[in-house]
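> What follows is a predicted structure for the sequence shown.
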There are 2 protein chains.
Amino acid sequence: MLRKNASKNRSPDDDTLARIDAWWRAANYLSVGQIYLLDNPLLREPLEVEHIKPRLLGHWGTCPGLSFLYAHLNRTIIERDADMIYICGPGHGGPALVAASWLEGTYSEVYSHVGPDADGLRALFHQFSYPGGVPSHVAPETPGSIHEGGELGYALSHAYGAAFDNPGLVVAAVIGDGEAETGPLATSWHSNKFINPAQDGAVLPILHLNGYKIANPTLFDRIPQDELKSLLKGYGHKPYWFEAGFDDEKPADIHRRFATMLDTVLDEIAGIQEDARKGSTTAVQWPAIVFRTPKGWTGPQEVDGQPVANSWRSHQVPMSGVRDNEEYRHMLEAWMRSYRPEELFDEQGMLSADVAQLNPAGQRRMSANPHANGGLLSRDLRLGDFRHHAVDVPAPGAVNAEATRVLGDWLGAVVEANPDNFRVFGPDETLSNRLNGAVETGGKTWNAEILPTDQHLSRTGRVTEMLSEHQCQGWLEGYVLTGRHGIFNSYEAFIHIVDAMFNQHAKWLKVTRQLPWRAPIPSLNYLLSSHVWRQDHNGFTHQDPGFIDHVVNKKADVIRVYLPPDANTLLATYDQCLRSHDLVNVVVAGKQEQAQWLTMDEAVAHCTRGIGIWEWASTGGGNVDPDVVLASAGDVPTIETLAAVDLLREHFPDLKIRVVNVVDLMRLQDAREHPHGLPDAEFDALFTPDRPIIFAYHGYPWLIHRLTYRRTNHGNLHVRGYKEEGTTTTPFDMVMLNDLDRYHLVIDVIDRVPRLGRNAAGVRQQMVDARLRARDYTREHGTDIPEVRDWRWPGPS
Amino acid sequence: MLRKNASKNRSPDDDTLARIDAWWRAANYLSVGQIYLLDNPLLREPLEVEHIKPRLLGHWGTCPGLSFLYAHLNRTIIERDADMIYICGPGHGGPALVAASWLEGTYSEVYSHVGPDADGLRALFHQFSYPGGVPSHVAPETPGSIHEGGELGYALSHAYGAAFDNPGLVVAAVIGDGEAETGPLATSWHSNKFINPAQDGAVLPILHLNGYKIANPTLFDRIPQDELKSLLKGYGHKPYWFEAGFDDEKPADIHRRFATMLDTVLDEIAGIQEDARKGSTTAVQWPAIVFRTPKGWTGPQEVDGQPVANSWRSHQVPMSGVRDNEEYRHMLEAWMRSYRPEELFDEQGMLSADVAQLNPAGQRRMSANPHANGGLLSRDLRLGDFRHHAVDVPAPGAVNAEATRVLGDWLGAVVEANPDNFRVFGPDETLSNRLNGAVETGGKTWNAEILPTDQHLSRTGRVTEMLSEHQCQGWLEGYVLTGRHGIFNSYEAFIHIVDAMFNQHAKWLKVTRQLPWRAPIPSLNYLLSSHVWRQDHNGFTHQDPGFIDHVVNKKADVIRVYLPPDANTLLATYDQCLRSHDLVNVVVAGKQEQAQWLTMDEAVAHCTRGIGIWEWASTGGGNVDPDVVLASAGDVPTIETLAAVDLLREHFPDLKIRVVNVVDLMRLQDAREHPHGLPDAEFDALFTPDRPIIFAYHGYPWLIHRLTYRRTNHGNLHVRGYKEEGTTTTPFDMVMLNDLDRYHLVIDVIDRVPRLGRNAAGVRQQMVDARLRARDYTREHGTDIPEVRDWRWPGPS
């Protein structure tokens, strides 16, 4: 819990304020140095052309504000022994956060080639935004960060995700006023309704009202102050307004004003937490700070007669071409010397001992806080035994079950066993996706008003739902980045809403895997249900299986895609996912009642292999050399495939059929392309080198070709899947619209297997007729069971 | 301009109020009928099992509120002769909007098989959410709609997009309180800062505070009323609060209260427009209505002892299994009869003449307003001649230019020639993407505060920028759906933010193409710049070429992808795009200065074909039978390819090289798969049936395989592209990190072309060395020109 300031109502003494100012100047000096300098880092000689980088890249504008806040937060961390992390929404401000971690010593601890002295400083400057160096943004490489600043919009969602179930943590979340215009950020303010001050940490939103974006003013800076305050109140916050840098107020006075306000704000947070932990459940208004300072504060006021500070011209590099322009070079030198580096660094170039007193100790440094390297704190889940939730399957097809409901039962047990280490997120679809067990056991997080008629809402709920996929994704990212575990369940089609967020998380994982000091974090797990084939209520807009295609573009080491065909395989798959680290696991599974195929033991074996021959469904137990391979991936395609096998057995008893089922889609890829990829020999052993393969796939068919185009037998591979045909209709009509139905699969076999016998043409025509009859029937009766031979598998024959 | 109410301060007379109530009852009756009934549409016989649909699908909860609003808006349309459309954010409320268009007669005009009488009503009920029928959501099939209700979040963006440059139009935008939780919707309230009341139409946001989502209460209904009002004020609105249905207030009183409020609100809008059109530029507060009514209002209060009205149980079908449950059937009948259908429909089942007086006439009906079938109003752009903006290219590679800057010059002229029919949208990146011409000529839309130091901001600006890709996409969709033209320019990587929105627009286009009554609308055009290969400032987070992969999953008839390699081809490409209809055009083009290849005439010819041999770069003018084909798609890959050709010519003067360039990516596909696809014979003629092909591609390499896996020579196709390697580094380091650099392409040729001669191994080693030297050089010097043989094309040899 955050402590109140012991010395309440007393503002910091002059020495402390001077130290804050010095630390801030040091950070600003380092920010400028990173952007401009190759050498002469302490300006102990006059600045010459060769000290300047040939290509100036970076973003100065937001840095001074970010460093100002960092310095002030440091004081409060020390005084309150606070456990705090810093989320830097304006991620362009890479130099500021790199500077802070160097000043705190963390940078040199993590990267030994960048020491805490003049040589280190030279290396720090040289590497910034330089080939082979470090990115210009706050990035995985930046100690203390869980939030990359490339794509904007997720600062607050990440902050709240980090705060959930971390009762001792304070997350200072700086939001750029550019970022504040994005949709995800605009709704993420509402996260405060999901924070329980008794069990969760606190988020302190700080809106960095900097005035300008790349080339435009920001909206929030150009609406009346009252309107912006009203907006924050509307978001449920108590706004605090701070403004500085627009006049000639002395730094000491500015620091005093801000320090006093910050103490008030943090005391308010401490008070809210104290009350709640004594049992109060009264609605609270969390404080939020509006921090209005000029863009490029303390930087050049004017260049070539154009305003630079307090304008969009400060966004990136205030003066470019400094090498070729002596006047600019003098301006740069004067600018850097205005921070008085001689007061800040000692002979060796180390931060002066006095200024260094503003660095918190050890893990209290925000750059070294273990929450920002969440793998360090991560505890494995208590998963129990998922086998206890298995569906009893006496024979393939003999019983029905709803896969996600079965998973939900187990998740309920997981929720119960891990009350502070596991959450389920979803955009109001967790019950619709039939994870009822999780909801019934865990309750749904809700800290706004609760009425007596409400069901499952709870201030301590473990299923966290808001109608925003962005929020679900951002919260879960924040949660796993700080070392905890979770699932995001969504309708399959609408997971595209977070395509871009997935990209960024996958990129984050790719880079962290190359950083030995970053401990592995729990995987980010998706459960996509209410999928393309079963959107009976909602139709075409809800039919899109393309997230898989999107995901497989990212680095193979960080992505996995699973398509379990029934409940037991879903359980076994999710057990793998919840035990894994540093991955994104995408699992697609239906929620509707459907036939079950595998016993629990079979399911575990099948999921361990990820792909395999279903002997019981194949002719001769799968051991014979087949005439045709029928493969499937996905629950509905598997049903249609088995029904097709049934028809083929009836009509062509001599046909040798092999049935292959794919759970782990990445098995289809080459072992050189993906760590789960099958070696060619094994692939050929399953799919044969030369027989026709009819592959029924859950998603867009071309993905299967893209994954297998190098395989020996690719020329004989024929894939059926979703080809963007759909509407509000029955499940059976859906498969027919996309030629994935059992009759069409039989036709595909007939068309591709030579010498099927005299009756092939006749059977083909029967299939054509049966399709039309089935469609008419399903359209007429509006139900999902066609009046045709039942698909239930008759068992091994 | 919206008129003020002539009879100000006088509420409607009792007859009118009764008519509003009757129309509302009729709409509710029709909504229930669509969800439940197969037959007996007027309940002229007792309700029997066979009258009820076997499968009940649809969403009742939001319908009564939507219809209430529709009825009231109709009165004001008639009284003010208003030009109004209705955006239905709660798109689940399909039955309500279908009901409205049937009541207004539009439905029967558009769909002759659904007449305006009892038979028509039977057909209307039967088809709803039924196989082969109509979707359960507001959809392209719904007359009067430009907004599909499947994926939530875009109601307000669409509304504002429709209002831009439509000074006479009022867009009533109903926002569901579920949708209001999404990110895109949360920021779209700020659209009001981009509306100029002098030149644009008006948007009236109506927040339908319905209380419940699928399985949860809505946040906005569970925060204090003052907080919600404060939020709307913060968004710049003047909130009006209306609440009804929670007590036993008489319908007439409810209608009177709402009608009075609506008149006040519309008069306020009329006043704002009047002032602005007289020249006022004072900041305005647009009104917004909070419409709080129970979910499932007028429906069953309780089923099985559980509350249904005013609960999430009203979200979909209040009573399921009605066929099998006699009590439910009686409840359903009583519910439907509570609307007193006998008063509403005449003998023939037509809407009674008295009630029908609430229908506006002809195109004033919201269901028949041509703005909602924008192709009807669409005017072609005055494009001038893009050739006037051509770069003079005396020889391939002889001059440099920035492609997007050249395009921007032309777009400036287009902006000028089409001052009310063309806009450029972008998330604060239009200048960064170097479309300066458009900005300088057109100015940037801004209706918040403007300071003297601002550049290009203007109340009448034609470049509309907000830091939200969702807003840019939503606005542009609204703009083209109402028949106007535009471009969305974005950084390539972040266009994934709108993946889901693109999906929905592509689905909309696919369906509208099958609806003869929907006139074609202008295409939705993307310009993706600041692309993967040139993110020198920003690094890995900004490097993602996967939008193309996402786009090509959608129906071939609606999507096009272009990768012009230089400025003149970009001009020619965009000329095609701006002339096209009912498409999504994706154009990827760099902004950096680079060599130019084609004269304007050559560019037009090349873009017309979309793919072709570059004779001047090929051995023997491209006519000889080549040893190897070097193909490229994209500007940077084309540079590297030509540089590789240069190296190959130097080292292997006898090697016969063919250079193929691809502008229109869909040419690679089979003619059976895509309307732009090349027939196999033509593909083989370009790529040969049997020679090695080294293909340098802009994006993820596997996409080229996915497009070409059926081609004769696919086995010899070797693709280089982005394989998810990157950081903040030089452009040359980027191509090297991904093995797309000239040296690697030469190595690829050496490794694949047999019998290159004795010096092949030596040249290979030279290339390996040159790569390392080039990387060292670029890393050391931090510049983008490696110290190696210059890439500039020496011209035909």
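That came in fine, so what should we check first?
> so residue A:662 bridges to which residues?
When assigned by DSSP bridges, residue A:662 has beta-bridge partners residue A:611.
> What distance do you get for it to chain B?
To chain B, residue A:662 is 18 Å away according to Cβ to the nearest Cβ, to the nearest Å. Every C-beta, even on glycine, is put in place using the N, C-alpha and C of the backbone.
> Assess the claim that that residue and residue A:629 are in contact.
No. At 11.6 Å, residue A:662 does not count as touching residue A:629 under the criterion of Cβ atoms under 8 Å.
> Between the two, point out the one with more neighbours.
Counted by other Cβ atoms under 10 Å in any protein chain shown, residue A:662 and residue A:629 do not tie: residue A:662 has more neighbours, with 27 against 23.
> got the contact list for that one?
Shown in contact with residue A:662 (Cβ atoms under 8 Å, 6 or more residues apart in numbering or on different chains): A:563, A:610-611, A:631-633, A:668.
> So for the helix or strand bottoming out on mean pLDDT in chain A, what gets flagged as buried?
Across the helices and strands of chain A, mean confidence by mean pLDDT, DSSP states H and E is lowest for helix A:760-781: a mean of 87. Neighbour counts using 16 or more other Cβ atoms under 10 Å in any protein chain shown place A:760, A:763-764, A:766-767, A:770-771, A:774-775, A:777-779 of helix A:760-781 among the buried residues.
> picking up where we left off before, most surrounded residue in the contacts of residue A:662?
Among the contacts of residue A:662, the one with the most neighbours (other Cβ under 10 Å) is residue A:633, at 32 neighbours.
> what's the spacing between that one and residue A:647?
20 Å (Cβ to Cβ, to the nearest Å).
> Then residue A:584?
38 Å.
> would JSON lines of the buried residues of helix A:760-781 with distance to residue A:138 be doable?
As requested, those are exported to JSON lines (distance: Cβ to Cβ, whole Å):
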{"residue": "A:760", "distance to residue A:138": "65"}
{"residue": "A:763", "distance to residue A:138": "64"}
{"residue": "A:764", "distance to residue A:138": "62"}
{"residue": "A:766", "distance to residue A:138": "65"}
{"residue": "A:767", "distance to residue A:138": "59"}
{"residue": "A:770", "distance to residue A:138": "61"}
{"residue": "A:771", "distance to residue A:138": "57"}
{"residue": "A:774", "distance to residue A:138": "57"}
{"residue": "A:775", "distance to residue A:138": "56"}
{"residue": "A:777", "distance to residue A:138": "59"}
{"residue": "A:778", "distance to residue A:138": "54"}
{"residue": "A:779", "distance to residue A:138": "56"}
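> Check those residues one by one and keep those near chain B.
When contact is defined as Cβ under 8 Å from any Cβ of the partner chain, these meet chain B at A:778-779.
> Residue A:735: helix or strand, and which one exactly?
Using DSSP states H and E, residue A:735 falls within helix A:731-737.
> Need the CA coordinates for that helix. CSV is fine.
These are the backbone C-alpha positions of helix A:731-737, laid out as CSV (Å, rounded to 0.1, in the frame of the first residue of the first chain):
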residue,chain,number,x,y,z
PRO,A,731,-24.2,-23.9,-39.8
PHE,A,732,-24.8,-26.5,-42.5
ASP,A,733,-25.6,-23.8,-45.1
MET,A,734,-22.4,-22.1,-44.1
VAL,A,735,-20.2,-25.1,-44.9
MET,A,736,-22.1,-25.6,-48.1
LEU,A,737,-21.7,-22.0,-49.2
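> Give the other helices and strands that that helix contacts.
Judged by 3 or more Cβ pairs under 8 Å, 6 or more residues apart in numbering or on different chains; DSSP states H and E, the packing partners of helix A:731-737 are helix A:635-651, helix A:760-781.
> Out of the buried residues of helix A:760-781, flag the one nearest to residue B:33.
Nearest to residue B:33 among the buried residues of helix A:760-781: residue A:779, at 20.0 Å, using Cβ to Cβ.
> The closest one touches residue B:55, doesn't it?
No. Here residue A:779 does not reach residue B:55: they are 11.7 Å apart, not a contact under Cβ under 8 Å.
> near chain B, which residues of the stretch 151-300 of chain A show up?
So the stretch 151-300 of chain A meets chain B at A:151-153, A:178-179, A:181-188, A:190, A:193, A:213-219, A:222-224, A:227-236, A:283 (Cβ under 8 Å from any Cβ).
> Run through the residues that contact the nearest residue to residue A:523 once chain neighbours are set aside.
Distances taken as Cβ to Cβ, 6 or more residues apart in numbering or on different chains put residue A:583 closest to residue A:523, at 4.0 Å, once the chain neighbours are dropped. Residue A:583 is in contact with A:509, A:523-524, A:558-560, A:577, counting by Cβ under 8 Å, 6+ apart.
> Over to residue A:566?
By Cβ under 8 Å, 6+ apart, the contact set of residue A:566 is A:391, A:393, A:401, A:403, A:594-598, A:603, A:635, A:638.
> Nearest to chain B among these?
residue A:594 (16.8 Å; Cβ to the nearest Cβ).
> The closest one reaches residue A:634, doesn't it?
No. If you go by Cβ under 8 Å, residue A:594 and residue A:634 don't touch, sitting 11.5 Å apart.
> More neighbours: the two, which one.
The residue with more neighbours, out of residue A:594 and residue A:634, is residue A:634; 31 against 22, by other Cβ under 10 Å.
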